[in-house]
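> Show me the folded form of this:
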Amino acid sequence: MSKTESNLKAETGSHLEVFIYRVPKKNHDAIVQNLNKFVPWFEKQGAEIQYFQFAGNQAAMEGFESIAKTLSAAEDEDIWVELQYYRDRKHCEDTFAKMMQDKDLEPLGKEFLGLVSQGKSLVTGGFTALARQ
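Take a look at the predicted model:
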């Protein structure tokens, strides 16, 4: 592993949780405000959280399909990706357990669920960094 790879792994950890969800365009400003309120809580847990909004109608490379098409996003929806970085899987599990017990986060979580597109799945998955040789 190169020195740069080692530094990146130390900074971001070896476990990544990915969340993909749709947000009605009319809720853009409200979801930004909501998501930003989660950042200090994650930092306090030693985790990093980042949010990205899909850049929109970009043509997919040949042989690939647009994520907007795959997720069946409507014209009035934006696609958001949330990346949560943890030291390892246990750190992720411990942080999630704390989140579920933190009553101060309940209103933020309920607000979030009210801002995302209703009746559509939120997509998630956990990933472990591969060791490079």
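> distance of the spatially most central residue of the chain from Ala59?
Central residue of the chain (Cα atoms, centre = their mean): Glu82, 1.5 Å from the mean position. According to Cβ to Cβ, to the nearest Å, Glu82 and Ala59 sit 25 Å apart. C-beta coordinates here come from the backbone N, C-alpha and C atoms, glycine included.
> circling back: how far away is the residue nearest to the centre of the chain from Glu75?
22 Å.
> which residues are contacting the lengthiest helix in the chain?
Longest helix in the chain, counting residues (DSSP state H): helix 28-44. Residues outside helix 28-44 that contact it (Cβ atoms under 8 Å, 6 or more residues apart in numbering) are 23, 48-49, 51, 78, 80, 82, 84, 95, 99, 102, 105, 108, 111-112, 115-116.
> list the buried ones in that helix?
Ile31, Asn34, Leu35, Phe38, Trp41, Phe42 (16 or more other Cβ atoms under 10 Å).
> For stretch 41-58, which residues meet the burial criterion?
Going by neighbour count (16+ other Cβ under 10 Å), the buried part of stretch 41-58 is Trp41, Phe42, Gln45, Ala47, Glu48, Ile49, Phe54.
> cool, and stretch 99-115?
For stretch 99-115, a neighbour-count test (16+ other Cβ under 10 Å) marks Leu105, Phe112, Leu115 as buried.
> hey, where'd the strands end up in this protein?
Per DSSP state E, the chain has strands spanning 15-24, 48-53, 77-86, 123-128. These are given in chain order.
> Direction included, what does the second one pair up with?
Spelled out, that is strand 48-53. Next to strand 48-53 in the sheet, as set by DSSP bridges, lie strand 77-86 (antiparallel).
> Could you check the angle the strand it pairs with makes with strand 123-128?
Angle, strand 77-86 to strand 123-128, by axes from the mean of the first three to the mean of the last three Cα atoms, to 10 degrees: 30 degrees.
> I'd like the average pLDDT over strand 77-86.
Mean pLDDT, strand 77-86: 95.
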